[in-house]
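1. take this sequence and fold it.
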Amino acid sequence: MIQNKWLINNLFLYLIILVVFSNCKKEETAKEIPGIQDFRISKDTLVQSALNADEFLLEFTFINEKGESGFLSDTDIITMDFVDKRSDFRLPRILISPSSASINLNGVAINKGNISIRIPTTCCIYTDGNAPCERKPNIYQTVEYEFMFETNFGQTLSNQNISFILSCE
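-> Next up is the predicted model:
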């Protein structure tokens, strides 16, 4: 009789464990969303005079749909728009893809998912978006650029603002 009780109690315990674990669902992992990480600029003070211009490197890491650094295919494209917030002037759009980096268009360099782009700056402010620009000499100012990134499917990756000091001599 004692053995039967032990067997029934253990069987009951095994059934409870079986029911509990059979009702557990394996959580589906959410699809990774591509994005921009480690957004930075190479220097925060630029100097421009009548005889020279200055530029900085905009550097960031592109994370693809699998959550890995880098592009999944040669047809992947990141669109980068940026705006000079002094006048809300939209600068020319840059397309970033593995093929553009291989021929170094727009100063784009890609090492796996690590991307760097040469961004020139200017003391000229295009007040209405058209030439000629209005040069502001003898100014030491903080300039803000807004960068907007999208995939070739129109998915927003990131909006980033950066500030730097621009000295116009």
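2. the lowest-mean-pLDDT helix or strand in the chain: what's the following helix or strand?
-> Counting by mean pLDDT, DSSP states H and E, the weakest-scoring helix or strand in the chain turns out to be helix 2-22, with a mean of 61. Per DSSP states H and E, helix 2-22 leads on to strand 35-41 as the next helix or strand towards the C-terminus.
3. run through the protein and note the low-pLDDT ranges.
-> Residues of the chain meeting the criterion pLDDT under 70: 1-32, 50, 100-106, 125-140.
4. just the strands in it please.
-> Applying DSSP state E to the chain gives strands spanning 35-41, 45-48, 54-63, 78-84, 89-96, 108-111, 114-121, 124-125, 134-135, 139-151, 156-168.
5. out of those strands, nearest to G70?
-> Using C-beta to C-beta as the measure, strand 54-63 is the one of the strands of the chain that comes nearest G70, at 6.8 Å. (Each C-beta comes from the backbone N, C-alpha and C, glycine too.)
6. can you list the buried residues in the closest one?
-> D54, E55, F56, L58, F60, T61, F62, I63 (16 or more other C-beta atoms under 10 Å).
7. check contacts around the residue nearest to the fifth one when sequence neighbours are not counted.
-> Yep, that's F60 we're talking about. Excluding its sequence neighbours, the residue lying closest to F60 (C-beta to C-beta, 6 or more residues apart in numbering) is F39, at 4.6 Å. F39 sits next to L58, E59, F60, F147, S158, Q160, I162 when contact means C-beta atoms under 8 Å, 6 or more residues apart in numbering.
8. if we can go back for a sec, using JSON lines, please lay out the buried residues of strand 54-63 together with distance to L46.
-> Shown next, in JSON lines, are the buried residues of strand 54-63 (distance: C-beta to C-beta, whole Å):
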{"residue": "D54", "distance to L46": "4"}
{"residue": "E55", "distance to L46": "7"}
{"residue": "F56", "distance to L46": "6"}
{"residue": "L58", "distance to L46": "13"}
{"residue": "F60", "distance to L46": "19"}
{"residue": "T61", "distance to L46": "23"}
{"residue": "F62", "distance to L46": "25"}
{"residue": "I63", "distance to L46": "29"}
